[in-house]
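Student: Okay, structure incoming, though there's no sequence with it:
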């Protein structure tokens, strides 16, 4: 039997900031456990939270970028549960009045545009991280109080590809808006994945199973594959799916039960009394809106429609905001968008990935690229030469102008200059020249070859041919 | 007559004029603390060493509190000094930071001589549930002093210190102040920072103080109030010194009392000699108010709202308390429990660490927050709270304050019969002070007389941020009530 898969995602993203969301402790990643902490993070008796205003702005930025409705006031709630990763015994989060609700994000899934609906995005504090050993566990409170933005989608994705496309796009959005480093390998993005199966064409959703705390997009894919397979098999055997929470185990690539619906925790949410409502003024909302950069989706679409790029190239360039900026800065100087795209997607990205550096570490700046393209456009250098110059510029950290000059690669296009060379060639080979017959192409080739040789390859072949024809005619007419 | 029995103002002058040194005052204060400790049990910790050390370090400054000894409730965080909240679960807890109010006291040059006993975790009104034993009323050892700020009140009432810091969530400063015959004040919510106060119910918790006169209260509040970056609920500075502005000019001020609470017919079958005396005393207070040129009017409030105060208070405060104390699991704080897994370890630590009374409140708080009960219980309590506050704020458009008796009796005996918590006398007369916590209003109690040589008093509450007005009314009134500066067991000055 065939099934419709429905997927919903909850994506936790650690926001970057100088201090934590409710305390003055530094918000920096540290390998040394329990170094970025304060009494507030540790939940000492008598401590009070103070909201980091900068973090609110970042949360508002994401909500705005996700086309969400934003509330008049920022209000926080307490989520109560007992676990050693939560020293206060409650987490400050947002349940009743999230910073964003009812939004959407348009993403490309292959070559189709899919709108992913956002239920809400809300700001909360991260918990401590635990390391479990055989007979004991260790707690690192560094992560306690790190600002965490949780974005919850509607159950609106129907394939693993859609889910992954959304995750990639959301990660892009975090990077474009510069709210997070979004490094999954540092646990800065973590996902809860909800999946249900229903008979094909069914109007109602199937029973939802939640998989918690998946730490990479690859594992989201693997977890979904495994869980969809598990549920399909159960349903095919006439069994029912139980509403439950499962965890994905990387080693076995299987999901395992954590708790059933009956065991679900009642978090006893209530409004955090220590944080008065914080007004999100019209001015602030407007400021955030104005400061929002053009996002990847819009760039891709524009590159295709305005610049005539292929979807693949457009996606490749828009994948990294800084690459896109590099690209656009060159195009905006009047360079051919397709030609620039070719250079960026092949030479530039190829070099970056080979050397494992970012575009900001790359010494072949936009200005250098513009110079190089100028040389090509004016016909002063050939495309083949341009490639050599490109690498030479990078290795010697020089401008194309300098490299061209030093290596004497610049073509001679001036007719009179070429004429001088041609005349010299004809004089040196006057016997042959006298017998010149325009019908015999090979003779002309000979002279072109001689001219190129004499100019050490710098003579523009087109101009040289034209001048040679003229001068040879004069020669034979003598 | 010792200098320690004087008002803060007089003590200050004596220090400035060199008649007494801070060291002498602190030593005598410590002496009394130790001497009375067995009898009244005001202190969890008498910080003799720290106090004697501190007094050599303080700089003479403009503050009226320079060199004045004080006591601090043991639910305020004190760096390097045991702070137990009178609970077994924190019996060995030594904080690494000072509460803002403690820092401010240090800046003022006041010397804390000890940490005072409270009802465990500030939950309770008897002063009998602290882990180091019951606190006794200095006016009569057979009677309780009330709570939860029991030790702070007893320390001031018995003359150990001229002022003490407390906290007030329902009436935890003002009720004991009534029973101890001294002044108790909690200012507007946010006037004094709560940073470092062990939370009972954050939305109701106030830091406040005890002293033996309204002027002394003003000196103390001047030193400890002010905006605090560490407490988002703290108010902006009002940039005034209350002590400078008390003038006793209350002519034309308007107060009201509540008809339903002051109608003796509402207490059918519950009237005894003490209640009659309380009513009689209140009549005379009203008369004195009028003599001072104030108007005192009767206002009627839906009795259902008034009777709902207690359950509203319990619902909200227990809910917040169960969450606030969830850090006490024996993992980060408290003695480590035993068990096979983390749940069992926390379960064991909390089972051993809290008394029955506390656990009952946690269960109650947890119950009202449960998904299936929250709307009906917790959220409705919030709505009732709103209705009550709105009603009083409406009345404050016409009035400067309201005035009511602080209790229906003198301090009860330890072995008194269980109070009927559904009786009108309890619901109407013993719980109205929580209105001030619901609305964050400034509220003060001052002694207004005695029954059988045990103090009784009245409570004056004004609208939020109107602290000075409330203090000034109390200041004018205490001058004509004849109970100012009284110390248990000593002749009135």
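Tutor: Everything's here; your move. Remember, predicted model here, so these are calculated numbers, not experimental data.
Student: Assign the residue of the stretch 251-400 of chain B found nearest chain A to helix, strand or coil.
Tutor: Ranking the residues of the stretch 251-400 of chain B by distance to chain A (C-beta to the nearest C-beta) places residue B:326 first, at 2.2 Å. C-betas here are computed from N, CA, C, even on glycine. For residue B:326, the assignment made with DSSP: H, G, I helix; E, B strand; the rest coil gives helix.
Student: Tally up the residues packed near it, please.
Tutor: Around residue B:326 sit 21 other residues, with neighbours defined as other C-beta atoms under 10 Å in any protein chain shown.
Student: Distance check, the nearest residue to it once chain neighbours are set aside against residue A:65.
Tutor: Spatial nearest neighbour of residue B:326, chain neighbours left out: residue A:89 (2.2 Å); criterion: C-beta to C-beta, 6 or more residues apart in numbering or on different chains. For residue A:89, the distance to residue A:65 under the criterion C-beta to C-beta, to the nearest Å works out to 34 Å.
Student: One more: residue B:184?
Tutor: 53 Å.
Student: And the two? Which one has more around it.
Tutor: Neighbours per residue (other C-beta under 10 Å) separate residue B:184 from residue A:65, with residue B:184 holding more: 36 against 23.
Student: Check what pLDDT that one gets.
Tutor: According to the model's per-residue confidence, residue B:184 sits at a pLDDT of 98.
Student: Check which element follows the helix or strand where it lies along the chain.
Tutor: Using DSSP states H and E, the secondary-structure element containing residue B:184 is strand B:183-186. Proceeding C-terminally, strand B:183-186 gives way to strand B:206-211 as the next helix or strand, assigned by DSSP H and E.
Student: Which other helices and strands does that next one contact?
Tutor: Packing contacts for strand B:206-211, counted by 3 or more C-beta pairs under 8 Å, 6 or more residues apart in numbering or on different chains; DSSP states H and E, involve helix B:150-157, strand B:163-168, helix B:174-180, strand B:183-186, helix B:214-224.
Student: May I see the ones you listed organised as TSV, with distance to chain A added?
Tutor: Written out in TSV, the entries for the helices and strands packed on strand B:206-211 read as follows (distance: least, C-beta to the nearest C-beta, whole Å):
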stretch	distance to chain A
helix B:150-157	17
strand B:163-168	11
helix B:174-180	21
strand B:183-186	17
helix B:214-224	15
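Student: Please identify the most buried of the ones you listed.
Tutor: For the helices and strands packed on strand B:206-211, average neighbour numbers computed from mean count of other C-beta atoms under 10 Å in any protein chain shown are highest in helix B:150-157, which has a mean of 36.
Student: Number of residues surrounding residue A:346?
Tutor: What residue A:346 shows, counting by other C-beta under 10 Å, is a neighbour count of 13.
Student: Next one: it from chain B, what distance?
Tutor: Between residue A:346 and chain B the distance is 54 Å, computed by C-beta to the nearest C-beta, to the nearest Å.
Student: Confirm that that residue lies within a strand, as I assumed.
Tutor: No: the assignment for residue A:346 by three-state DSSP gives helix, which leaves it out of any strand.
Student: OK, contacts around it?
Tutor: With contact taken as C-beta atoms under 8 Å, 6 or more residues apart in numbering or on different chains, residue A:346 is in contact with no other residue.
Student: Next one, pLDDT for it please.
Tutor: On pLDDT, residue A:346 comes in at 94.
Student: Can you list the helices and strands that the host helix or strand of residue A:451 packs against?
Tutor: Secondary structure assigned from DSSP H and E places residue A:451 in helix A:441-454. The contact analysis (3+ C-beta pairs under 8 Å, 6+ apart) places helix A:441-454 against helix A:415-428, helix A:430-434, helix A:461-477.
Student: in the helix ranked longest in chain A, what's buried?
Tutor: What stands out as the longest helix in chain A, according to DSSP state H, is helix A:217-236. Buried positions in helix A:217-236, judged by neighbour count with 16 or more other C-beta atoms under 10 Å in any protein chain shown: A:217, A:219-224, A:226-228, A:230-231, A:235.
Student: what packs against it?
Tutor: Identification of packing neighbours for helix A:217-236 by 3+ C-beta pairs under 8 Å, 6+ apart yields strand A:3-14, helix A:160-176, strand A:189-199, strand A:209-214, strand A:244-249, strand A:254-260.
Student: mind running it again at 6 Å?
Tutor: Where contact means 3 or more C-beta pairs under 6 Å, 6 or more residues apart in numbering or on different chains; DSSP states H and E, helix A:217-236 is packed against helix A:160-176, strand A:189-199, strand A:209-214, strand A:254-260.
Student: Dump these into CSV; add distance to chain B as well.
Tutor: As requested, those are exported to CSV (distance: least, C-beta to the nearest C-beta, whole Å):
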stretch, distance to chain B
helix A:160-176, 27
strand A:189-199, 20
strand A:209-214, 17
strand A:254-260, 13
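Student: So for residue A:467, which of these sits nearest?
Tutor: helix A:160-176 (53.7 Å; C-beta to C-beta).
Student: mean confidence for that closest one?
Tutor: Taken as a whole, helix A:160-176 has a mean pLDDT of 97.
Student: How far off centre is that helix?
Tutor: Distance, stretch centre to chain centre, for helix A:160-176: 9 Å (C-alpha atoms, centre = their mean, to the nearest Å).
Student: contacting residues around that helix?
Tutor: Applying C-beta atoms under 6 Å, 6 or more residues apart in numbering or on different chains, the contact partners of helix A:160-176 are A:7, A:11, A:13, A:65, A:107, A:109, A:114, A:116, A:157, A:180, A:182, A:217, A:221, A:224, A:293, A:295-296, A:321.
Student: Check whether residue B:66 really touches residue B:111, as I assumed.
Tutor: No: Residue B:66 lies out of contact with residue B:111 (C-beta atoms under 6 Å); the separation is 9.4 Å.
Student: Could you tell me the phi and psi values at whatever residue of the stretch 1-150 of chain A ends up closest to chain B?
Tutor: The stretch 1-150 of chain A approaches chain B most closely through residue A:89 (2.2 Å), counting by C-beta to the nearest C-beta. Recorded main-chain torsions at residue A:89 are phi 80, psi 0, according to degrees, to the nearest 10.
Student: Quick one, grab the pLDDT at it.
Tutor: Per-residue confidence for residue A:89 comes out at a pLDDT of 97.
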